[in-house]
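In: got a structure for you, letters missing:
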């Protein structure tokens, strides 16, 4: 793919990865999935994403200084998402555009994302969602669609800054206070209601009425994205009220778009 040219109007270079294929079943991008590279340095991550033997890739790669590279054309299916699900879609590779953000991640010394990098990611996402008409609640974390396997881009990623620029879905998290909470091992109708809200929002969670390990993983993924002050898998008042506010905000967003 020597003739690869950027799809985005943002300043971007190119470094073609061979790791891509056709989007399946006529799917078009209706989501953006944000990742961190999770490796010790940018060079290692970029080599991995362009290595045929690795069988992984992404559409875009964003350095700490804000430099953007396009690796795979947006019309093609990059191999970034893996097994997972969001809002019922299980082939997220075919339905999404993947952005790798250089950061060592939790296993190599997780650090805050530099301002130039976030500014570049925000501009890139804004360009993508405008061109493909992607709904705010389909700009997601890798951990949202794969809570058991993934933690990226993690609790240090500033989703509020993206939302301030019109990218993604976000509400101010409720403060952490005392009060009733739910945790692993509990059962009953309140657990069913919690699971139903998470599932209706987009998380791949069966409604069983039992706060099991899978429920805990999904609560942690929700907290990592929407209530990052504490990530413990316990559905406290702050977590539940933030989730309820997201539902109310999403109804308003969709009415405005109609």
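Out: Arrived safely. Since the model is a prediction, treat every value here as computed from it, not as a measurement.
In: Tell me if I'm right that residue 190 and residue 182 touch.
Out: Yes - using CB atoms under 8 Å, residue 190 is in contact with residue 182, at 6.2 Å. Heads up, the C-betas are built off the backbone N, CA and C, glycines and all.
In: More neighbours: those two, which one.
Out: residue 182 (20 against 15; other CB atoms under 10 Å).
In: Please list all residues in contact with that one.
Out: 190-191, 194, 211, 234-235 (CB atoms under 8 Å, 6 or more residues apart in numbering).
In: got a winner among those for most neighbours?
Out: That'd be residue 235 among the contacts of residue 182, by other CB under 10 Å, with 27 neighbours.
In: re the thing from before, which one of the contacts of residue 182 is nearest to residue 48?
Out: Closest to residue 48 out of the contacts of residue 182 is residue 234 (35.0 Å), distances taken as CB to CB.
In: I figured the closest one was touching residue 186, is that so?
Out: No - when contacts are counted by CB under 8 Å, residue 234 is not listed as touching residue 186 (10.2 Å).
In: Mutual contacts of those two, please.
Out: Contact criterion CB under 8 Å, 6+ apart; residues shared by residue 234 and residue 186: none found.
In: Count the residues that sit near the residue lying closest to residue 156 once chain neighbours are set aside.
Out: Closest residue to residue 156 apart from its sequence neighbours, by CB to CB, 6 or more residues apart in numbering: residue 112 at 5.2 Å. Residue 112 sits with 11 neighbouring residues when counted by other CB under 10 Å.
In: again, but for the one 5 residues further on
Out: A count of neighbours around residue 117, defined by other CB under 10 Å, yields 20.
In: The contacts of residue 182: which two are farthest apart?
Out: Pairwise over those, using CB to CB, the maximum falls at 190 and 234, 13.2 Å.
In: Now do the strands in the stretch 1-150 of the chain.
Out: Listed in chain order, the strands of the stretch 1-150 of the chain (DSSP state E, counting those that start in this stretch) span 13-14, 20-21, 31-36, 60-62, 68-70, 77-78, 96-101, 139-141.
In: I'd like to know which elements the third one is packed against.
Out: By that I understand strand 31-36. helix 92-95, strand 96-101, helix 115-132, strand 139-141, helix 142-145 (3 or more CB pairs under 8 Å, 6 or more residues apart in numbering; DSSP states H and E).
In: And the contacts of the fourth one?
Out: Here strand 139-141 makes contact (CB under 8 Å, 6+ apart) with 31-34, 86, 125, 129, 150, 152-154, 157, 162, 167-169, 202, 221, 224-225.
In: if you set the cut-off to 10 Å instead, what comes out?
Out: Residues from elsewhere that reach strand 139-141, judged by CB atoms under 10 Å, 6 or more residues apart in numbering: 31-36, 81, 84, 86-87, 92, 96-97, 99, 125-126, 128-129, 147, 150-155, 157, 159, 162-163, 167-170, 202, 221-222, 224-226.
In: Okay, now the sheet partners of it, with direction.
Out: strand 31-36 (parallel) (DSSP bridges).
In: what's residue 225 in contact with, if anything?
Out: Taking CB under 10 Å, 6+ apart as the definition, contacts of residue 225 comprise 34, 140-141, 143-144, 153-155, 157, 159, 168-170, 231, 246.
In: Residue 45 too?
Out: Residue 45 makes contact with 35-39, 56, 58, 61, 63, 100-105 under the criterion CB under 10 Å, 6+ apart.
In: any idea which helix or strand of this protein has the worst average confidence?
Out: In the chain, the helix or strand scored least confidently by mean pLDDT, DSSP states H and E is helix 237-257, which has a mean of 80.
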